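In: Provide a 3D model corresponding to the input given below.
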Amino acid sequence: MSQGLPQNTEKISNTIVKELLQSVKRLQNGDISKIMNRMGLFYKYNYGVSIPQLRQMADKYEPNNEAAFILFNQEIREAKILSSILIENKKLSFEDARRIGVEIDNQEIVEQFSRNVFSQVPFLFELLESWIQGNKWNKILCFYSLGWLFKIQDEVNDNCLLWFKKQCFVEAESDDLLIQQAISFAMQSIGSKSDILKQEMTKMADRMMESEKKSVCRAAEDFKWLNAIY
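Out: Down below sits the predicted model:
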């Protein structure tokens, strides 16, 4: 990513990165960082800056993919979140998007990139097909990105909806709680689009509850609890 940039473009991007990281260090909060560690959110460097504060910082700059790529490559929590805010989705290539997704291995960063970036790219379906073959975090990213797609976009993406119906039962069999939560989030998001889709997701949850696999039932229970359907 960001290979062979013109010198002036690279200078601007590096300046943005430098200014943002300086702002992060000025706002660091060690107590929040410790709390996040106890919650299981581990980073090499975590300054404990809140997401609203990071959004306020990033809003001072125009979207800049080169700066975003530099930030993403930092082993710093705040840099990665800022990266997700600074990316200009319309100019993001499929290959760069796929590569970023493969490198994500943290629940908070999954949520930020799925909401800010991947739910808004035109090639999400192709990303889903690629990531679902990957590791646990790739699978989680699939379902959160799809969930945010249905929350944010006005129109229903039929390809993504069919993909979810196909993969839902398969991946729900995982004993990983985070994957189950991601599936429940996607089901809730799809169901929120219309009464018809809510009925469809409720029927899917009913079928999942009949499974002999406890993990499949657990994902359905999460959906039913979120929607108070019992």
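In: who touches the lowest-mean-pLDDT helix or strand in the chain?
Out: Least confident helix or strand of the chain, by mean pLDDT, DSSP states H and E, is helix 30-38 with a mean of 75. Contact partners of helix 30-38, identified using Cβ atoms under 8 Å, 6 or more residues apart in numbering, comprise 46-50, 77. Heads up, the C-betas are built off the backbone N, CA and C, glycines and all.
In: out of those residues, who has the most neighbours?
Out: With neighbours set by other Cβ atoms under 10 Å, the maximum within these is found at Arg77, which has 24 neighbours.
In: does the residue nearest to the spatial centre of the chain sit in a helix or strand, and which one?
Out: Nearest to the geometric centre of the chain sits Ser114, at 2.5 Å (Cα atoms, centre = their mean). Using DSSP states H and E, Ser114 falls within helix 107-116.
In: Next SSE downstream of the least confident helix or strand of the chain?
Out: Moving toward the C-terminus from helix 30-38, the next helix or strand (DSSP H and E) is helix 51-58.
In: Is it correct that Gly48 is in contact with Asn29?
Out: Yes. Counting by Cβ atoms under 8 Å, Gly48 touches Asn29, with 3.7 Å between them.
In: Can you tell me the number of residues neighbouring the closest residue to Trp148 other than its chain neighbours?
Out: Leaving aside its sequence neighbours, Trp148 sits nearest to Ser119 (Cβ to Cβ, 6 or more residues apart in numbering; 3.6 Å). Neighbours of Ser119 under the rule other Cβ under 10 Å: 22.
In: check contacts around Ser119.
Out: 145-149, 151-153.
In: 7 Å instead, please
Out: 145, 148-149, 152 (Cβ atoms under 7 Å, 6 or more residues apart in numbering).
In: Select from these the one having the most neighbours.
Out: Busiest of the contacts of Ser119 [other Cβ under 10 Å] is Ser145, holding 28 neighbours.
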